[in-house]
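Colleague: generate a structure from the sequence data that follows.
(chains A, B and C)
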Amino acid sequence: MRSLVPSLLFAALFVATVACKTPGVAPPPELSVAAATSLREVMPELVRAYVKAHPDRRVAVTYGASGDLKKQVEAGAPIDAVLFAGAKPVDDLISEGRVDSASRHVIASNELVLVGQPRDGGASPLTFASLTSIPAAEKLAIGDPRTVPAGEYARDYLTSLGEWTALQPRLVFGGNVAAVLVYARRDEAVAAVVYRTELRGVTDLVELDVARGANAPHPKVVAGSVHGASEQSTAFLQFVTSAEGEKVLASFGFGPP
Amino acid sequence: MSHESPAIDARLSFDVGEKPKPFRVEAELALDHGILILFGPSGAGKTLTLLALAGLVAVASGHVKVSGETLLDTVRGISLPTHRRRVGYVPQDQALFPFLDVAGNVSFGLPRALRTGPRALAWLDDLGIAHLAKARVDSLSGGERQRVALARALAVEPRLLLLDEPFASIDEESTEPLRELVRDVVRRHRIPAVLVTHDADEAVAMGDRMTRFARGKTVETGTPRTLLGREPAT
Amino acid sequence: MTADAVFPVVLSLRVATLALALIGPIGVALAFVQARARYRLRRLVDALILLPLVLPPSVLGFFLIVTFGRRGLLGGLLERAFGIRLVFTPAAAVIASAVVALPIVVKTVQPAIESVSADLEAVARTLGLSPSAVVLRVTLPAAWRGVLAGLVLGFARALGEFGATLMFAGNVPGRTNTMPLEIFTAYQTGDDARAGLYVGILTVLSLVIVLAANSASPRMLAR
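Modeller: A predicted model of the protein is given here:
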């Protein structure tokens, strides 16, 4: 019993210290943005340009697969704006009443490509149409269709090519599009299906093919403001869709909305 | 009844432990036949000497000959590993195997084929514990444990028996019958024995020869009667 | 339950069993060495054995990929020499589980072996047993409670492995989706019913295992 008193004292002291707020000026309110993993390179630039134009604003970005981020918003995470790699997750949030339908904007487009290690000479390179020729022991990496828009696009496109069933034993899923790219870079997968923008600055992989034709997907980057978010969110999204924002996006390989 | 070679002819010199100063044992043992008593206060090196005879402790220099067989000779580079010395050992707390019953303990050293045979049973009879064959080790009295330990050591027909304070944890009443038993078994099966004790009465009752230990060294040898003051020392 | 839903359960049990078949003997042998041998690097080996217990799973996963990945130190060798690839296979899940189970096995078995009286082993040797026979017929049987507890707890840990498995074996449905991975995926895709099913199975299994281990070695959890 005697050893209990000092412990309680220590615990009380600890809690009191932790609970103390630092006195002083309250920091400017932060805008919390959830962005798809495919935007991880371009977002810091967009934020920098935005903050340069509005020095009193602060933006914090969290990245993940669009499906994962959608779940976080649904669970009530304090997110003000979303930028997803597809329309569906945003539209789902709108129909759930979480995202303001008036704030929905298509801000950019992308292309689905097949990437892989550069192989000199010899066999002809892989294409989307020739994927079933991959040896049984090798792997094709795509995003998890259940949570990654790039994976969903890949599945739909491969299904339209009649290859989806045949490719099942060779597929490996990445939790987000960056993970898919890494599988290809590590050579654990002989090829991967990612966005063309993923190849920017990547020198150890080459684009083998691009999804084309009537069934080719048209990946879009779609944004929206979460209900109850501050008007800062509207301001930020307006910036992203402005000429300057579009210029930044284009410089990172994104197509026009 | 006496063999051509003496039962025990041994000289041992070794160090044990390192910090701060190693404990040095210098022992000379000789026995024609029967029971040799190692006598002295605790910490004098008696148990270490038993362990060295069994090959469980490394010996720097010396030799051990049992009934003419050389178990150790540092000069000639001979040192039989423990499992080939055929030396029976009963430690102070008997060290019975708790995961086996009495019969399992006694037959432990026998080849697998013989473990359930008449040989094991014979030893149980010999030491008066046949009725305890299926008993669990933790249900035995001190005297019973000692009998099991002896039977186990004897079942493999050793050429030498080492007993470390065998009667220390036995109650008064059981001690005498047990002493009789040990003397009887040793005599009947003609197995020489080394018995460690610090009890003078025990030394006189059990021993044919005695060696006194002090601080790791053997300081006198003779008969127990002589050394313990019944007659003038030689 | 459909075949597709049963698969993670069967896979988890198989992976944990194989992991234990791999690491059980190694763990017991290591426990024996650490309990009995005194050698210069002993403390370092002790720390290395404990490492998977204290390192975050992401660190372990990283080490495994760097070592056994196609471009890794051993992975490249394995592929060139034997055509063996580990990433994205159930074998990778077995290895990840084995690595995290090892410290549990060793640290549970080691004190059990240490508490086996040296006298028991001494007597066994005088009875004619070679040193290896002494280990098999005396040391291990005398320490059986601790050995059993160690193996059982190691199995439970192997069953629950997640982080390193996700990184090293990947989440390949129908091949490497063990129960912990499947729970994570189900939660992420909003399939709470599916997640709950596996959570229930794993919880019950783990409870049974811990109860079994506790009764084999009653004082172990009180340490």
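
Colleague: isn't there a helix covering B:I170?
Modeller: No. Looking at B:I170 with DSSP: H, G, I helix; E, B strand; the rest coil, it is coil, so not inside a helix.

Colleague: hang on, it packs against B:Q146?
Modeller: Yes. Using C-beta atoms under 8 Å, B:I170 is in contact with B:Q146, at 6.4 Å. The way it works is simple: take the backbone N, C-alpha and C, and place the C-beta from them, glycine included.

Colleague: now for the two: what residues contact both?
Modeller: B:L178 (C-beta atoms under 8 Å, 6 or more residues apart in numbering or on different chains).

Colleague: for the two, indicate the residue with more neighbours.
Modeller: B:Q146 (27 against 19; other C-beta atoms under 10 Å in any protein chain shown).

Colleague: the helix or strand harbouring C:V208 and chain B, any residue contact?
Modeller: When elements are assigned from DSSP states H and E, C:V208 belongs to helix C:192-216. No. Using C-beta under 8 Å from any C-beta of the partner chain, helix C:192-216 never reaches chain B; the gap is at least 13.6 Å.

Colleague: and the contacts of that helix?
Modeller: The contact list for helix C:192-216 (C-beta under 8 Å, 6+ apart) reads C:5, C:8-9, C:12, C:145, C:148-149, C:152-153, C:155-156, C:159-160, C:179-180, C:182-183, C:186-187, C:220-221.

Colleague: could you find the closest non-adjacent residue to the most centrally placed residue in chain C?
Modeller: The C-alpha lying nearest the average C-alpha coordinate of chain C belongs to C:A101 (C-alpha atoms, centre = their mean; 2.5 Å). Leaving aside its chain neighbours, C:A101 sits nearest to C:G154 (4.0 Å; criterion: C-beta to C-beta, 6 or more residues apart in numbering or on different chains).

Colleague: ok, now A:E30?
Modeller: Among residues not flanking A:E30 along the chain, A:R58 sits closest, at 4.7 Å (C-beta to C-beta, 6+ apart).

Colleague: cool, A:V221 as well?
Modeller: By the measure of C-beta to C-beta, 6+ apart, the closest residue to A:V221 outside its immediate chain neighbours is A:A108, 4.2 Å from it.

Colleague: the one you found: neighbouring residues, count only.
Modeller: Neighbourhood size, A:A108 [other C-beta under 10 Å]: 28.

Colleague: so it: helix, strand or coil?
Modeller: strand.

Colleague: these two touch, right, it and A:F254?
Modeller: Yes. A:A108 lies in contact with A:F254 (C-beta under 8 Å); the separation is 3.9 Å.

Colleague: buried ones in stretch A:53-73?
Modeller: A:57, A:59, A:61, A:63-71, A:73 (16 or more other C-beta atoms under 10 Å in any protein chain shown).

Colleague: what's the spacing between the closest residue to A:L69 other than its chain neighbours and chain C?
Modeller: In space, and not counting its chain neighbours, A:L69 is closest to A:A34: 4.3 Å by C-beta to C-beta, 6+ apart. Distance, A:A34 to chain C, by C-beta to the nearest C-beta, to the nearest Å: 15 Å.

Colleague: kindly report the same for B:L51.
Modeller: From B:L51 across to chain C, the span is 7 Å (C-beta to the nearest C-beta).

Colleague: mind checking what secondary structure A:V202 has?
Modeller: coil.

Colleague: which residues touch it?
Modeller: A:L181, A:R185.

Colleague: just C:R85 next, same as before
Modeller: Taking C-beta under 8 Å, 6+ apart as the test, what C:R85 contacts is A:A137, C:R70, C:G75, C:L78, C:E79.

Colleague: 10 Å instead?
Modeller: Shown in contact with C:R85 (C-beta atoms under 10 Å, 6 or more residues apart in numbering or on different chains): A:A137, A:E138, A:K139, A:E188, C:F68, C:G69, C:R70, C:G75, C:L78, C:E79, C:A91, C:A92.

Colleague: once you drop chain neighbours, what's closest to the last one?
Modeller: Think C:A92. C:A169 (3.7 Å).

Colleague: what do you get for the fourth one?
Modeller: In space, A:E188 comes closest to C:V87 once its chain neighbours are excluded; the distance is 4.8 Å by C-beta to C-beta, 6+ apart.

Colleague: kindly report the same for C:P57.
Modeller: C:G163 (2.4 Å).

Colleague: and that neighbour, how close does it get to C:V87?
Modeller: From C:G163 over to C:V87 the distance is 15 Å, taken as C-beta to C-beta, to the nearest Å.

Colleague: which SS class is residue 184?
Modeller: Just so you know, I chose chain A. Looking at A:A184 with three-state DSSP, the answer is helix.

Colleague: what residues does stretch A:240-256 touch?
Modeller: With contact meaning C-beta under 10 Å, 6+ apart, stretch A:240-256 is reached by A:33, A:38-39, A:41-43, A:45-50, A:53, A:81, A:83, A:105-111, A:195-201, A:218-221, A:223, A:236-239, A:257.

Colleague: same thing but 6 Å
Modeller: The contact list for stretch A:240-256, computed with C-beta atoms under 6 Å, 6 or more residues apart in numbering or on different chains, reads A:E41, A:V42, A:E45, A:L46, A:H105, A:I107, A:A108, A:S109, A:T197, A:R200, A:F239.
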